[in-house]
Each structure stands twice: as C-alpha cells, then as structure tokens.
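Structure, please.
(2 chains)
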Amino acid sequence: MINSRVKPATITLSTLIIHNLAQFRIPIFQSQPYHSHHRTHRHTSKSSPEPHKPTRNLLRKPIPLLADLKQIQDPDEAISLFHDYQQMGFKHDYPTYSCLVYKLAKSRNFEAVESLLGYLQTHYIRCKETLFIGLIQHYGKAQLVDNAVELFHKMGSFNCSRSVQSFNAILNVFVDNGRSESANEMLRSCSKMGIWLNSVSFNIIIKMWLEKGDWEMARQLFDEMLEREVEPTVVTYNCQIGFLCKKGDVEGAKSLFQDMVKKGKKANAVSYALLMEGLCSLGRYKEAKKLMFDMEYQGCKLKIVNYGVLMTDLLKRGEIGEANSLLVEMKKRRVKPDIVIYNMLINYFCKEGKTTEAYRMLVDMQIAGCYPIAITYRMVVDGFCKTGEFEEGLKVLNAMLMSRHFPRMETVRCLILGLLDKGKVEDACFVLEEMEKRKKKFNFDSWEVIVKDSCTSDRSVRQLLDELVF
DNA sequence: CACCGGCACG
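Numbers count the residues shown, from 1 in each chain, chains lettered A, B, ... in the order given. Coordinates of the predicted model:
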C-alpha cells in the first residue's frame, strides 16, 4: 500500500492559497460550494437524537430530503441519505426517486439506476416519460446504445406510454452513435408503434444525412417534411445553414437564411452564429462582426455564443490583443464570459506555454463566479506539465480533485513522471494515492500498469513504483 | 426539469 502519512510541501502551499481566498468567501477551488456545508449538516443530523421528521414535513415545501438530495453531488452519499430516510420510515415519492435516478445517471452509475428502476417497477410507482427520456439520453452519451434501446422497450412495463418524444430521444441516440441503419429501421416501424413523426424527428434525420455528407438526401427529407405538412423549425434551417457554412458555401447558407425569414421563421442567435462562423473560416472576420451588430438591429437577441465564434477565430489566429479588446467590449455591454469563453482563453495560453496567464485566468474566472469544469482543469494541468512546472501542475490537480473533477490518465502519468524526475517522490506518492482512492469510482482500470509501463527505462523509478502500488 | 441545432478539450 502507499504510505498515507506523506504530506507533500506543495499541498500545504495550495491549501494555504485556498484558505486565503476562502477568507474572502470566494469558493475558488470548490465548484460546488454546498458540499462542505452538507457534510457537516449530515453529521449533525446523524448524531442528534431526533433528526428530520420527514412525515411531519410532508406538506411543507421543500421536503427536506428532496432539498438535501438536490444539493448532494456525490451519488453514493445521495444513496445513503436516501436509505437513512427510508429506515426512519419515510415513504419516498416520485420526485425523490426521479431526482436520485438523474443523479445516478449523471455520474454514470447505471447499475444503481437499473436497480432503482426495478424497485420503482415492483412497487408500481408510476414514472413520467421525461425520466425515461433523460435516461435514454444519458445512455446515449455513454455510448450504451443497447441499454438505451432496452429501456425504450421496457417503458410499457412501467405503465408509461411512449410518445414521439421518447421515440425521438432513441432515434437521436442512434444517429449520434453512428447507427444510421438502426435509425432507419426505427423510422420504418414508427407507424406500427402508433407514432407520428414531428418536426424534431425530421430534424434528427436531416442531421443524420448531413453528418454523412449527403446533402441531397437531407434536402429530400426536407421536401418530404413539407409534403407531410410537418412545419420546419428554425433548427431545421440551422442544421442546413451550418452544413453549408462548414463546406465554405456561406452564400448558399445566406440564401437559405433568407428563405427561412421569408417563410416567417425568425432567425435566432444560433442562425447568426453559424453564418458568422462561416464568414470567419473564410477569413472574413470583419463581416462576421458586422453581422453580429446587424442581428441586434434585426431584433435578435445577442447571445454569448456569438462572441464565442469571434473569440475562437481571434485566438486561432493568435490575435491575443484583439481577443482582449473583445473581452473588454463584452464587459462594456454587460455580457458575462461563460465557461466556454474562459476555456478558449486558457487553452490559448496553455498552447503558447504561457502558464502564468492560464493560471491567473483559472483564478479570475472563479472570482467572476464562473467555475472550472474538468476540461478547464485538464488544460491547465497539461499546460504545466508541458512546461515542466510539475509542482504547479500538482497544485491545480489537487484543486481539481477537490472539486470532484477527474484528470485524464495521460495527464496523471505525465505529472507523476515529471515529479519523480525532479526528485519529488513524496508528491508523486500523493498523486498515486489520490488516484488509488478514486480509481474504482471513476472506472480507472489499469492506470498502475500504464504508469509502470512508462517507467521501464528507469529501473530505480520502476522499483519504487512497484513498492508504491503493491 | 430534459425530443433536435450553436462557441471550449481530445
């Protein structure tokens, strides 16, 4: 086992920084500020002789369990709270169950999801269709297409009827996972299932053909839509506008845009963003920016995505000065940068080896109330590894783990090797130990092997790792 | 609460 008494100096340093910032009540490295609060809350409620009295609070809003459950992000903790209540004789209701199911699905704990569903089924607790739709989407994102299909077919046994919405959800899972044959098969069976395709169904199919690069088929479906008197939506047009823009045919996209307006469909911020992206990719930044002002003149509300398109282009061209001006402009217009904008800037700094700026941005964004996500942390840690600043990298990794985000395996490997190379054995141990703690939860199967494999060149390091891991 | 489209990583 790894020596757990190791306390590397860098951790103390980062803890100090966190502590200092915490004094100003800025949750710098905690993306979920409720977590620590909740921990203490649970402990007190457990030790006190009379915890929540759930039955009495039934008519009060919000029900304490549900409110608590919504604040917990650790699914294991959620389950245990759930069981606590159950043991106290609290009868769970559907909102509580569905909240827990969503939580478990989000953390990809599908085993727990299935067992909870089984419970709901045997106790005849009626589930809403949105619950199944949400789960189908989660399965799809996890590439568990077969599980999604199975759930779709099981819906009836939950006494839940399938509308076109869950049909669309499963259709989209097929398309997004490259299973166009299954999607087509599904379409052929829709009338058998008593489902009438709506505009969203057509949008998904049009997307499918466009992803295959088949413009003709996409147009054919668009025509079929009109024949069947299914009204195209702005999304129908946006899909096609986006396709043409990516091909470099901004003029074609513009005329489609005009068609849409002529038919009385109002363009939205995405329609404009797509055109702007097309213009930028043709090197026509100025026109793109002008279009952004036009859209406001046309009465279309400007969204952050429009700035995002411009920012992406500027940073791609290395125009950091212009990018900064754009940020200032956003501030003037009271458009708050979002996580995507910050990620773009941080990515730029990291790629340029400007880790100091990247780190400052990581801090600044949190002061501005925008919390890093896994991608954000990964970029900064990778950036530090690339410049050989492994101690700084560890500092950020620590913050990352504290906010319950998880690094990529390659990042961890690189960091450990770098720390060892610099003689920071204790820090390397700390990282190994933290990974060990989390490997099961994050499905981190064989990281030991990978770390060890990469050390074969250095015998002394390899021996050390053997010692650490076993 | 959540059927489809849009700026960030790999």
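
Which residue, other than its chain neighbours, is closest to residue A:108?
The shortest distance from residue A:108 to any residue other than its chain neighbours is 5.6 Å, reached at residue A:142 (C-beta to C-beta, 6 or more residues apart in numbering). C-betas here are computed from N, CA, C, even on glycine.

and the residue of the stretch 301-450 of chain A found nearest DNA strand B, what helix or strand is that in?
Residue nearest to DNA strand B within the stretch 301-450 of chain A (C-beta to the nearest atom of the strand): residue A:308, separated by 2.0 Å. Assigned by DSSP states H and E, residue A:308 belongs to helix A:304-316.

what does that helix contact?
Helix A:304-316 has contacts (C-beta atoms under 8 Å, 6 or more residues apart in numbering) with A:269-270, A:272-273, A:276-277, A:280-281, A:285, A:288-289, A:292, A:295, A:320, A:322-323, A:326, A:330, A:335-338, A:340-341, A:344-345, A:347-348.

Buried residues of it, list them for me.
A:304-315 (16 or more other C-beta atoms under 10 Å).

any idea of the pLDDT on the residue of the stretch 301-450 of chain A closest to DNA strand B?
Looking at residue A:308, its pLDDT reads 97.

Pull the residues that contact stretch A:218-225.
Stretch A:218-225 is contacted by residues A:199, A:202, A:205-206, A:209-210, A:232, A:236, A:239-240, A:243 when judged by C-beta under 8 Å, 6+ apart.

CA atoms of it as CSV?
Presented in CSV, the C-alpha positions along stretch A:218-225 are these (Å, rounded to 0.1, in the frame of the first residue of the first chain):
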residue,chain,number,x,y,z
ALA,A,218,-31.1,15.9,-46.5
ARG,A,219,-32.9,18.0,-49.0
GLN,A,220,-35.2,15.1,-49.9
LEU,A,221,-36.2,14.8,-46.3
PHE,A,222,-36.8,18.5,-46.1
ASP,A,223,-39.1,18.2,-49.1
GLU,A,224,-40.9,15.2,-47.5
MET,A,225,-41.4,17.2,-44.4
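
Tell me if it is near DNA strand B.
No: no part of stretch A:218-225 sits near DNA strand B under the criterion C-beta under 7 Å from any atom of the strand; the closest distance found is 11.5 Å.

Distance of residue A:321 relative to residue A:337?
For residue A:321, the distance to residue A:337 equals 17 Å [C-beta to C-beta, to the nearest Å].

Tell me which of these two has more neighbours.
residue A:337 (21 against 9; other C-beta atoms under 10 Å).

backbone phi and psi for the residue nearest the centre of chain A, please?
For chain A, the residue nearest the mean C-alpha position is residue A:373 (7.9 Å; C-alpha atoms, centre = their mean). Backbone torsions of residue A:373, given as degrees, to the nearest 10, read phi -110, psi -180.

can I get the CA coordinates of the helix or strand following the helix holding residue A:308 in PDB?
On the C-terminal side of helix A:304-316, the closest following helix or strand by DSSP H and E is helix A:320-332. Output of helix A:320-332 as PDB, limited to C-alpha atoms (Å, rounded to 0.1, in the frame of the first residue of the first chain):
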ATOM      1  CA  ILE A 320      -4.500  38.000 -28.300                       C
ATOM      2  CA  GLY A 321      -4.600  41.800 -28.300                       C
ATOM      3  CA  GLU A 322      -7.900  41.700 -30.300                       C
ATOM      4  CA  ALA A 323      -9.200  39.000 -28.100                       C
ATOM      5  CA  ASN A 324      -8.600  41.100 -25.000                       C
ATOM      6  CA  SER A 325     -10.400  44.000 -26.700                       C
ATOM      7  CA  LEU A 326     -13.300  41.800 -27.400                       C
ATOM      8  CA  LEU A 327     -13.400  40.800 -23.700                       C
ATOM      9  CA  VAL A 328     -13.500  44.500 -22.800                       C
ATOM     10  CA  GLU A 329     -16.200  45.000 -25.300                       C
ATOM     11  CA  MET A 330     -18.200  42.200 -23.700                       C
ATOM     12  CA  LYS A 331     -17.800  43.700 -20.300                       C
ATOM     13  CA  LYS A 332     -19.000  47.100 -21.500                       C
END
